[in-house]
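Enquirer: Return atomic coordinates for the entry below.
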Amino acid sequence: MSRYRPPQQPGSKYITPEGKKRLADEFEFLWREKRPEVTAALAAAAAEGDRSENAEYIYRKKQLREIDARLQHLKDRLEHIMVVSGRPADPSKVFFGAWVRLEDGGGNVSEYRIVGPDEFDHSKGLISMDSPMARALMKKGEGDEVVVKRPKGEAVFTIIAVRYEVLG
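Expert: Residues are numbered from 1 along each chain as shown. This next block holds a predicted model:
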């Protein structure tokens, strides 16, 4: 069995203002606080002598590589994302940034906000615009039924409400 993984499509480049702020804050924290801390610890571990058997040195080098990789990813994303704020021309339809209240066939009600791929958090009801659920909801309005293709099979939901507001 090979280890080859086909390249993934890059996520959508849209983000909410709140999402961009979170990415920028993470970048600043890593660059101004975490990286200097790890660099100092790496220098101290390197001063202890033989680096080939120095577990602290090896660990700090790995940690620094991970931080640098994350910084590069955040820098690339922050340069290429488009912040979407404001309401769409037709706020009765589901577009990026919408809060959507749904009811499934069993009468269970759930609410989701459609956000960019960098900011989804299912525990807060934030779903990526690239997810099957969000793709099925796009351009639909209140009262519309949507069919979502899931790994377990198709599910039918009815849109109860669509609203646009800023996360608090």
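Enquirer: Could you list the domains of the chain?
Expert: The chain is divided into the following domains under automatic domain parsing: 14-83, 98-164.
Enquirer: how long is the first one end to end?
Expert: When the termini of domain 14-83 are compared using CA to CA, to the nearest Å, they are 6 Å apart.
Enquirer: Same check on the shortest one?
Expert: Distance between the boundary residues of domain 98-164 (CA to CA) amounts to 5 Å.
Enquirer: for stretch 144-159, same thing?
Expert: Distance between the boundary residues of stretch 144-159 (CA to CA) amounts to 6 Å.
Enquirer: Repeat that for stretch 88-106.
Expert: Terminal-residue distance, stretch 88-106 (CA to CA): 31 Å.
Enquirer: One more: stretch 142-151?
Expert: 26 Å.
Enquirer: that older thread, I'd like the domains of the chain laid out as TSV, including distance to Tyr4, mean neighbour count and mean pLDDT.
Expert: Where C-beta positions appear, they are placed from N, C-alpha and C, glycine not excepted. TSV is the format used below for the domains of the chain (distance: least, CB to CB, whole Å; neighbours: other CB atoms under 10 Å; pLDDT from 0 to 100):
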stretch	distance to Tyr4	mean neighbour count	mean pLDDT
domain 14-83	21	14	93
domain 98-164	23	15	92
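Enquirer: Nearest to Pro91, out of those?
Expert: Comparing the domains of the chain against Pro91 with CB to CB, the closest turns out to be domain 98-164 (5.6 Å).
Enquirer: The closest one: how far from the chain's middle?
Expert: Relative to the chain's own centre, domain 98-164 is displaced by 16 Å; criterion: CA atoms, centre = their mean, to the nearest Å.
Enquirer: same thing with stretch 68-82?
Expert: With CA atoms, centre = their mean, you get 13 Å for stretch 68-82.
Enquirer: And for that stretch, what's in contact with it?
Expert: Applying CB atoms under 8 Å, 6 or more residues apart in numbering, the contact partners of stretch 68-82 are 13-15, 20, 23-24, 26-27, 30-31, 35, 116, 118.
Enquirer: I'd like the C-alpha coordinates of that stretch written as PDB, please.
Expert: Output of stretch 68-82 as PDB, limited to C-alpha atoms (Å, rounded to 0.1, in the frame of the first residue of the first chain):
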ATOM      1  CA  ASP A  68       7.500  28.000  11.300                       C
ATOM      2  CA  ALA A  69       5.300  25.800   9.100                       C
ATOM      3  CA  ARG A  70       2.200  27.200  10.900                       C
ATOM      4  CA  LEU A  71       3.500  30.800  10.500                       C
ATOM      5  CA  GLN A  72       4.000  30.200   6.800                       C
ATOM      6  CA  HIS A  73       0.500  28.700   6.400                       C
ATOM      7  CA  LEU A  74      -1.100  31.700   8.200                       C
ATOM      8  CA  LYS A  75       1.000  34.200   6.200                       C
ATOM      9  CA  ASP A  76      -0.100  32.600   2.900                       C
ATOM     10  CA  ARG A  77      -3.800  32.500   4.000                       C
ATOM     11  CA  LEU A  78      -3.800  36.000   5.300                       C
ATOM     12  CA  GLU A  79      -2.400  37.300   2.000                       C
ATOM     13  CA  HIS A  80      -4.900  35.600  -0.200                       C
ATOM     14  CA  ILE A  81      -8.200  35.600   1.800                       C
ATOM     15  CA  MET A  82     -11.100  37.900   1.100                       C
END
